[in-house]
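*Asks:* Can you look at this prediction? I've put the sequence above it.
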Amino acid sequence: YTLSLHDALPICALSDPENELARSFYGLRGRGVKPTPLTPVHRPMAGHVSFLKDETGHTLELDGQAYHSGSFKRRGALLAALVACQSRNPPEAFVTASQGNHAIAVAMAAKTLGKRAVIYCPNTLNAMKRQRLEALGAEIYTNGLETLEAALEAAQAASKNPVIHLIHPFNQPEVIAGQATVGLEIMRDLQRLAAEDKLNLHETPIEINVAVGGGGFITSMAMVLKRFRDEGIIGNNVRLVGAQMEGCDAARRSVEDYQNDGTGVASFAAGEFNPACDSTAVTVVGDLVLPFLADSAYVQGFRLVSPAYLGNRMGVLAGVCGKLIEPAGTLAYASACMGAAANAQPRERGLEPTVYIAPVCGANTTQERYREFRDYDSAAHWERMAHLREVQLRAGRIALSTGNSTSQPRTIRVWSSPAADRRSL
C-alpha cells in the first residue's frame, strides 16, 4: 500500500467508501476532532472583512481526563496514526520530532490508540509544551538537540526500528491529508456564506493567510483550494498567502532558490536566522511540498511579518480570542492585518472589500513569550521599519491581487509605518 500526495487528500478520497485513507479520515471525528467554524472579527480592519478559524481548542477526553492539544496539528497526526495502525504490521510506538505542537498531537494520537509516543525536541522546548507532553506519557528526548533538524535526524534514526513508526511534522502525505480538513471546513463555510448572498465565490476578493514552517499545512490548504478551483466552485479571486516571520522564512527563500536553480535550499547569512517564532523555526522545507509552494497555481505568494509587529498582533488577538495565542499561531492574523492596511478603505477607492481569513493555530504559550515579542527591540526596530517595504512574491514580480479586475502580476506594499498601521487597523 503506497500513498501519493494527491491520493492522500480527503477531498479526492472521501467519495470512495472502500478507500483506506477515507475510512481513517471518517474516524477522525469519532475520536474527538471536531470541525471549527469561521468566526467574524467584529473589529475594524481598514475597511475590509475578516474571519478567524480558531484551531486552539482541540482536546482529548480519556479516562475522565481532558488533554489539550492547543493546535490544528492533531488532525494530521491522528490521521497518520490511524493509517499506520491499519497496515499489515501495526506499529507499537510512534516517533516524531517537533518544536512542541506536532509533538503534543502525536502523543495524543498515541494515547488514543494505546501506543507509546517517542518525542525528540530541540532543547528550547518551552515549559508548557513539556508539561503537556509529560501529562500524555510521552518519552521526551532533548539532550544535545539544538535544532529541529537535529531532532528530525534522531527521530528518523529511531524509526529504523520496525515497530516504531515515524510521523513527520510536515513532509508526509497522511499528515497533510489530515490537515486538509481545515481547508475543507473553510470551503464549507464559504459556500454557506455564498448561499446566504454574503459573498460571491467567483467575484469577492478572498485571501486566506496561513502560517508557514516546513510547508505541510499550507500545502494541504493549497491542494484543497486548487481542487475546488478546478471544479469551478471558486475562481481566481480566492488567493492563498503564506505568512512567515522575518529571519524565519525558510519556505520563501527555498521557493526563490527552487525557481532559480531547482534546488530549493534556504540560505541564511551568519546570525540572520531568527528562531524566536519557534513553531515555524525550520531551515529546511519538505521536498514533498516544495514544488507546490513554488507553483503559483497553488500558492499565490508570501508575506513577511516583523517580530515587533507580530508581538503587537499577539496582544490584539488575545483581546479578540480571549486567550493568548503563540507567535506562530498569530502569524496568519498578522499577515491578514498587513494586507488590509496596505489596501485600506477600498470602498473609498471604488473597490470591493477583501474577505481575509486567518486560521489561529496555536495556544501553547506563556505570558513570558508574549512579553519577549511585545518588547522586541522596540525603539530601534520601529525606526528601521518606518519606511515602506516591498516583499518580492514568487520570483520577484508575482504579487497579491486585491481585487478581481486584473490578473496582471504586480508588487504590493505590505508594510507601512507603525503609526499608519495603528490608525488604519
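*Replies:* Received the coordinates, thanks. Residues are numbered from 1 along each chain as shown.

*Asks:* Centroid-nearest residue for the chain?
*Replies:* Ala211 (3.9 Å; CA atoms, centre = their mean).

*Asks:* That one and Ala334 touch, don't they?
*Replies:* No - counting by CB atoms under 8 Å, Ala211 does not reach Ala334; the two are 9.2 Å apart. The way it works is simple: take the backbone N, C-alpha and C, and place the C-beta from them, glycine included.

*Asks:* so what sits against both of those two?
*Replies:* With contacts defined as CB atoms under 8 Å, 6 or more residues apart in numbering, the residues adjacent to both Ala211 and Ala334 are Ala243.

*Asks:* so what's Pro169 closest to, chain neighbours aside?
*Replies:* His102 (4.2 Å; CB to CB, 6 or more residues apart in numbering).

*Asks:* Count the neighbours of that neighbour for me.
*Replies:* 29 (other CB atoms under 10 Å).

*Asks:* roughly how far is whatever helix or strand it lives in from the heart of the chain?
*Replies:* If you go by DSSP states H and E, His102 is part of helix 101-113. Relative to its chain's centre, helix 101-113 lies at 18 Å (CA atoms, centre = their mean, to the nearest Å).

*Asks:* got the contact list for Thr330?
*Replies:* For Thr330, the contact set (CB under 8 Å, 6+ apart) comprises 310, 313-314, 317, 360.

*Asks:* Select from those residues every entry located in helices.
*Replies:* 310, 313-314, 317 (DSSP state H).

*Asks:* phi, psi of Met223?
*Replies:* Dihedral angles of Met223 (phi, psi; degrees, to the nearest 10) stand at phi -70, psi -30.

*Asks:* Would you quantify the distance from it to Arg75?
*Replies:* Distance, Met223 to Arg75, by CB to CB, to the nearest Å: 15 Å.

*Asks:* Pick out whichever of those two has more residues nearby.
*Replies:* Arg75 (26 against 23).

*Asks:* Dump the ones in helices among the contacts of Thr330 into JSON lines; add distance to Glu146 as well.
*Replies:* Converted to JSON lines, the ones in helices among the contacts of Thr330 look like this (distance: CB to CB, whole Å):
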{"residue": "Leu310", "distance to Glu146": "23"}
{"residue": "Arg313", "distance to Glu146": "28"}
{"residue": "Met314", "distance to Glu146": "26"}
{"residue": "Leu317", "distance to Glu146": "30"}
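
*Asks:* Which neighbouring elements make contact with the longest helix seen in the chain?
*Replies:* Identified as the longest helix of the chain according to DSSP H is helix 173-195. On a contact count with 3 or more CB pairs under 8 Å, 6 or more residues apart in numbering; DSSP states H and E, helix 173-195 meets helix 5-8, helix 10-13, helix 20-29, strand 38-40, strand 49-54, helix 73-85, helix 216-230, strand 355-360.

*Asks:* could you give the angle of that helix to helix 216-230?
*Replies:* 50 degrees (axes from the mean of the first three to the mean of the last three CA atoms, to 10 degrees).

*Asks:* What's the first helix or strand after helix 173-195?
*Replies:* strand 206-211.

*Asks:* now that following strand, how far from the chain's geometric center?
*Replies:* For strand 206-211, the distance to the chain centre is 10 Å (CA atoms, centre = their mean).

*Asks:* and for that strand, what are the contacting residues?
*Replies:* 186, 190, 199, 217-218, 221, 225, 234, 237-244, 279-280, 303, 328-329, 331-333, 335-336, 339, 354-359, 361, 400.

*Asks:* Would you write a PyMOL line that selects the buried entries of those?
*Replies:* Remark: buried members of the contacts of strand 206-211, expressed as a PyMOL selection using 16 or more other CB atoms under 10 Å:
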select buried, resi 186+190+199+217+218+221+225+234+237+238+239+240+241+242+243+244+279+280+303+328+329+331+332+333+335+336+339+354+355+356+357+358+359+361+400
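
*Asks:* For the residue nearest to the centre of the chain, give the beta-bridge partners.
*Replies:* Beta-bridge pairing for Ala211 (DSSP bridges): Ala243.

*Asks:* quick one: low-confidence parts of this protein?
*Replies:* Residues of the chain that meet the criterion pLDDT under 70 lie in 1-32, 63-66, 376-425.

*Asks:* if you set the cut-off to 80 instead, what comes out?
*Replies:* 1-34, 43-44, 57-69, 270-271, 363-425 (pLDDT under 80).

*Asks:* Look at Ile163 and say how many residues are nearby.
*Replies:* No, residue 163 isn't Ile; it's Val. 12.

*Asks:* just Met187 next, same as before
*Replies:* Number of residues near Met187 (other CB under 10 Å) recorded here: 21.

*Asks:* Chain neighbours aside, what residue packs nearest to it?
*Replies:* That would be Phe228: by CB to CB, 6+ apart, it lies 5.7 Å from Met187.

*Asks:* And the one you found, how far from Ala81?
*Replies:* 27 Å.

*Asks:* So between the two, which is more surrounded?
*Replies:* Using other CB under 10 Å, the more surrounded residue of Phe228 and Ala81 is Ala81, with 29 against 20.

*Asks:* residues touching that one, list them.
*Replies:* 94, 106, 109-110, 112-113, 115, 165, 167.

*Asks:* How about the contacts made by the closest residue in space to it that isn't next to it in sequence?
*Replies:* Leaving out its chain neighbours, the residue that sits closest to Ala81 by CB to CB, 6+ apart is Ala109, at 3.9 Å. If you count contacts by CB under 8 Å, 6+ apart, Ala109 has them with 74, 77-78, 80-82, 94, 115, 117, 167.
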